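Visitor: how would this look folded up:
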Amino acid sequence: MKMILMQGILVLLFVVSTFEQKVTDCSANGVTIQWRPELSQVQKLDPSKARLGSCPPSSMSMEDDTLLFSVGFHDCGFRKLVSEDKVMYTNLLTYNLDAGLPPITELVACVYDLSSNSTDLDNVRNDLVFTLELMNSDFNGPAPSTMFTFGTRIPIRAKVEQQVLGPLWIYLQYCMLANTQDLTQASRLHTLISDDGCLIESKEGNATFLPRREPSEILLYFQAFKFASGEQVFLHCDMTTSDLQSFSVDKKACQYQNGWGWELLDDPTRSYICNCCDSTCIQRTGFESGVYTRQVLGPFTMVDSQHSAEDESTFRSDEKGLGVPVWVVGLSVCLVLMLIAGSIASSYYLCFWRGGRLGYRPSRELLNKY
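Guide: Modelled structure (predicted):
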């Protein structure tokens, strides 16, 4: 009985599946992948059902049922994520099974160090320039101060510049306030933008997007509030770009308008794209082309008006070379004046009031008397 059971298990394992295999070879400008999807023994590999992003297999090996993909990073809808010292290209391998069965998926990722001498990687770093800045109230220059009192507006500009081709569209996907530059070390967090472009802070009336002046920049402001009061604050934002003005659940700029609801900044007639902002925006399974990066703005501080006035007084004293707050200088002056007044009173008492009562006498007579 045990022998029959063991044979049945072996046959079942043999029929159900074989182990999938994937070999990835990342080069400077592209990737070569050998992939054998995990299929049951009764299923026959069909190259027409396989994709790397939007690209079909380059060829197929009949001997070991392996698919070969050899593509460049500018093809097939690769995503490009740029950080301070690395660039990563990602895409998705998919194999569609029979109706009613979920597809087989495999993530493909190639990570490079930006210190590499590769010409292509140098272009990644130099062609696109991302900025996240504090602006003045008119958005025509940098902010005059990095200290904001509660209730005042904090203007923010995100911008991307491309050296070679035309302008890109930029989108803010996630933005979060933190009390540290390293997000993983933060003890206080507050989300401004979530779900690939939903300005959730606007639901409280504390934030808004401004109309774009050009596709490659996006403007917004939020009101300073009691968050890490008086401490350093950093704004962490995930950004993405698009070659064309194409709105989707993954790339959008949505804000809440009182009495109306969620509105798409760039095309209010298509505000239905923002409906998911009240729940969870589910990303599409397909990969879209574009550059993804994270920028950190700061430090800046948010304080109440009293705290701000004290800090301003200290700053002005330092500017004059005093190196101490104004109230310390004032107290010192009062003490000096009191000492001077005391000295004058003592002199008057000894020389006039006491001397007048005793009458003027020669010093020798006074010495003999006392």
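Visitor: got the buried residues for stretch 79-87?
Guide: Residues of stretch 79-87 classed as buried by neighbour count (16 or more other CB atoms under 10 Å): R79, K80, L81, V82, V87. (Glycine included, C-beta is placed from N, CA and C.)
Visitor: partner residues bridging L210?
Guide: L219 (DSSP bridges).
Visitor: burial measure for the residue nearest to S216 when sequence neighbours are not counted, as a count.
Guide: Closest residue to S216 apart from its sequence neighbours, by CB to CB, 6 or more residues apart in numbering: P167 at 4.4 Å. P167: 14 surrounding residues under other CB atoms under 10 Å.
Visitor: correct me, but P167 touches R213?
Guide: No: P167 lies out of contact with R213 (CB atoms under 8 Å); the separation is 11.3 Å.
Visitor: measure the residue nearest to S216 to Q295 for me?
Guide: Separation of P167 from Q295 (CB to CB, to the nearest Å) stands at 18 Å.
Visitor: ditto for L210
Guide: Counting by CB to CB - L210 and Q295 are separated by 19 Å.
Visitor: who's more crowded, the two?
Guide: Q295 (18 against 15).
Visitor: the strand ranked longest in the chain - contacts with which helices or strands?
Guide: Longest strand in the chain by number of residues (criterion: DSSP state E): strand 290-303. Helices and strands touching strand 290-303, by 3 or more CB pairs under 8 Å, 6 or more residues apart in numbering; DSSP states H and E, are strand 79-82, strand 128-134, strand 147-149, strand 153-162, strand 233-242.
Visitor: how about the secondary structure of S202?
Guide: Three-state secondary structure (criterion: DSSP: H, G, I helix; E, B strand; the rest coil) places S202 in helix.
Visitor: that should have said E231, apologies.
Guide: coil.
Visitor: isn't it right up against T180?
Guide: No: assessed by CB under 8 Å, E231 is found out of contact with T180, at 9.7 Å.
Visitor: give me the more crowded residue out of the two.
Guide: Neighbours were counted for E231 and for T180 using other CB under 10 Å; T180 has more, 20 against 13.
Visitor: right, and that one touches F234 too?
Guide: Yes: at 6.6 Å, T180 counts as touching F234 under the criterion of CB under 8 Å.
Visitor: circling back: pull up the pairing partners for the longest strand of the chain, direction included.
Guide: By DSSP bridges, strand 290-303 pairs with strand 79-82 (parallel), strand 147-149 (parallel), strand 233-242 (antiparallel).
Visitor: next, the angle from the last one to strand 128-134.
Guide: Yep, that's strand 233-242 we're talking about. Orientation check (axes from the mean of the first three to the mean of the last three CA atoms, to 10 degrees): strand 233-242 against strand 128-134 gives 140 degrees.
Visitor: for strand 233-242, C-alpha coordinates in PDB please.
Guide: What follows is strand 233-242, C-alpha atoms only, in PDB (Å, rounded to 0.1, in the frame of the first residue of the first chain):
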ATOM      1  CA  VAL A 233      11.700  68.600   8.900                       C
ATOM      2  CA  PHE A 234      12.400  66.900   5.600                       C
ATOM      3  CA  LEU A 235      10.000  66.300   2.700                       C
ATOM      4  CA  HIS A 236      10.500  62.900   0.900                       C
ATOM      5  CA  CYS A 237       8.900  62.700  -2.600                       C
ATOM      6  CA  ASP A 238       8.800  59.900  -5.200                       C
ATOM      7  CA  MET A 239       8.500  61.300  -8.700                       C
ATOM      8  CA  THR A 240       8.000  59.900 -12.100                       C
ATOM      9  CA  THR A 241       8.100  61.200 -15.700                       C
ATOM     10  CA  SER A 242       6.200  60.600 -18.900                       C
END
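Visitor: contacts for that strand?
Guide: 128, 130, 132, 156, 158, 160, 168-181, 183, 192-193, 227, 250-251, 288, 290-302 (CB atoms under 8 Å, 6 or more residues apart in numbering).
Visitor: quick one: the strands paired with strand 290-303 as a markdown table, columns for mean pLDDT and distance to L39 too.
Guide: Converted to a markdown table, the strands paired with strand 290-303 look like this (pLDDT from 0 to 100; distance: least, CB to CB, whole Å):
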| stretch | mean pLDDT | distance to L39 |
| --- | --- | --- |
| strand 79-82 | 76 | 27 |
| strand 147-149 | 95 | 59 |
| strand 233-242 | 91 | 35 |
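Visitor: quick one: which of those is nearest P37?
Guide: Smallest distance to P37 across the strands paired with strand 290-303 (CB to CB): 21.7 Å, for strand 79-82.
Visitor: for the closest one, the distance to its chain's centre please.
Guide: Offset of strand 79-82 from its chain centre (CA atoms, centre = their mean, to the nearest Å): 15 Å.
Visitor: again with stretch 181-194
Guide: With CA atoms, centre = their mean, you get 9 Å for stretch 181-194.
Visitor: now that stretch: buried residues?
Guide: Buried residues in stretch 181-194 (16+ other CB under 10 Å): A186, H190, L192, I193, S194.
Visitor: please save the CA atoms from it in PDB.
Guide: Taking C-alpha atoms only, stretch 181-194 is exported to PDB below (Å, rounded to 0.1, in the frame of the first residue of the first chain):
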ATOM      1  CA  GLN A 181      16.700  62.800   6.200                       C
ATOM      2  CA  ASP A 182      16.800  59.000   6.300                       C
ATOM      3  CA  LEU A 183      13.200  57.900   6.100                       C
ATOM      4  CA  THR A 184      14.000  54.600   7.800                       C
ATOM      5  CA  GLN A 185      15.200  56.400  10.900                       C
ATOM      6  CA  ALA A 186      12.200  58.700  11.300                       C
ATOM      7  CA  SER A 187      10.200  58.700  14.500                       C
ATOM      8  CA  ARG A 188       7.500  61.100  13.100                       C
ATOM      9  CA  LEU A 189       5.800  60.800   9.700                       C
ATOM     10  CA  HIS A 190       3.000  62.600   8.000                       C
ATOM     11  CA  THR A 191       1.700  61.800   4.400                       C
ATOM     12  CA  LEU A 192       0.900  64.600   2.000                       C
ATOM     13  CA  ILE A 193       0.600  62.700  -1.300                       C
ATOM     14  CA  SER A 194      -0.300  59.000  -1.600                       C
END
